[in-house]
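Asks: sequence below, structure please.
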Amino acid sequence: MNPTLVFFIIILCSTSISICLADNDNLQDACPTNTTVTRMVFINGFPCKNPSSISSADFMTSNLKHAGDTDNFLHSSVNIVTAADFPGLNTLGLSIARTDLDLDGMVMPHSHPRATELLFVRKGIVLAGFIDTNNTLFESLINEGDPAIAFSVMNSQNPGVVSIGGAVFETDKLLIDKIIRRLISVRGTNMANFSKIHIQ
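Replies: Numbers count the residues shown, from 1 in each chain. This next block holds a predicted model:
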């Protein structure tokens with residue numbers, strides 16, 4: 001077989017695979033989610049509102065305005081807003097989340113199977129990181145003040161959340177304390193400084 005033809009077929013196949021994995025491109029400028037219709041056809045995404053009924057309210061949300069309840073054993077709250085909650089996000093390939101962390105708060109390890117997450121710390125100090133497919137830890141201390149408020153954006157209108165911690169760990173206070181102590185020892189941070197560090 002001709003080597004040029006083989007190369008062309010490989011490039012064509014790999015390009016079509018990467019295109020299939022991304023969210024679909026917009027077919028119109030605005031397509032707010034129609035939340036009033038009973039869905040008869042199930043598609044990957046949401047049906048659009050009638051263009052004549054689109055209003056500016058479809059492109060605004062107050063779902064991230066208020067702090068979440070951090071009175072729990074993780075001392076954290078995460079509120080993810082998707083196209084199901086915020087109609088203006090439909091077909092844009094975006095979701096937004098607000099994370100509130102009390103002192104020594106943490107978010108259990110998790111992944112978003114259909115999205116990449118970008119984290120912005122508005123207030124507080126957050127130890128954030130990820131582990132790649134080679135089990136290499138990449139972490140960074142993101143500073144601002146105390147306690148922490150972080151916003152994240154995901155490149156999918158339906159990112160999904162898979163809690164790794166819930167599947168691997170028991171969710172009790174003693175275990176959380178053990179995890180925190182282990183993270184401190186890994187970082188070489190002493191306990192006195194830990195009250196200023198939040199784990200994401």
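Asks: can you pull out the helices in the chain?
Replies: Assigned by DSSP state H, the helices in the chain fall at 3-21, 164-168, 173-187.
Asks: the residue nearest to residue 48 when sequence neighbours are not counted and residue 106, how far apart?
Replies: Sequence neighbours aside, residue 31 is the residue nearest to residue 48 in space, at 3.9 Å (criterion: Cβ to Cβ, 6 or more residues apart in numbering). Bear in mind the C-beta positions are built from the backbone N, C-alpha and C, glycine included. Distance, residue 31 to residue 106, using Cβ to Cβ, to the nearest Å: 37 Å.
Asks: for residue 138, same thing?
Replies: 18 Å.
Asks: quick check, residue 94 in contact with residue 158.
Replies: No: between residue 94 and residue 158 no contact is recorded; they are 10.5 Å apart, counting by Cβ atoms under 8 Å.
Asks: and stretch 151-161, end to end?
Replies: 16 Å (Cα to Cα, to the nearest Å).
Asks: can you check stretch 99-112 too?
Replies: End to end - Cα to Cα - stretch 99-112 spans 15 Å.
Asks: who touches residue 116 in this structure?
Replies: 154, 155 (Cβ atoms under 8 Å, 6 or more residues apart in numbering).
Asks: state the pLDDT value of it.
Replies: On the pLDDT scale, residue 116 is placed at 76.
Asks: hmm, back to that, which one of residue 138 and residue 106 has more residues nearby?
Replies: residue 106 (22 against 9; other Cβ atoms under 10 Å).
Asks: measure that one to residue 52 for me?
Replies: From residue 106 to residue 52 the distance is 47 Å (Cβ to Cβ).
Asks: cool, residue 141 as well?
Replies: Distance from residue 141 to residue 52, by Cβ to Cβ: 50 Å.
Asks: in terms of neighbours, single out the busier of these two.
Replies: Ranked by neighbour count (other Cβ under 10 Å), residue 141 and residue 52 place residue 141 first, with 15 against 5.
Asks: thank you kindly, that will do.
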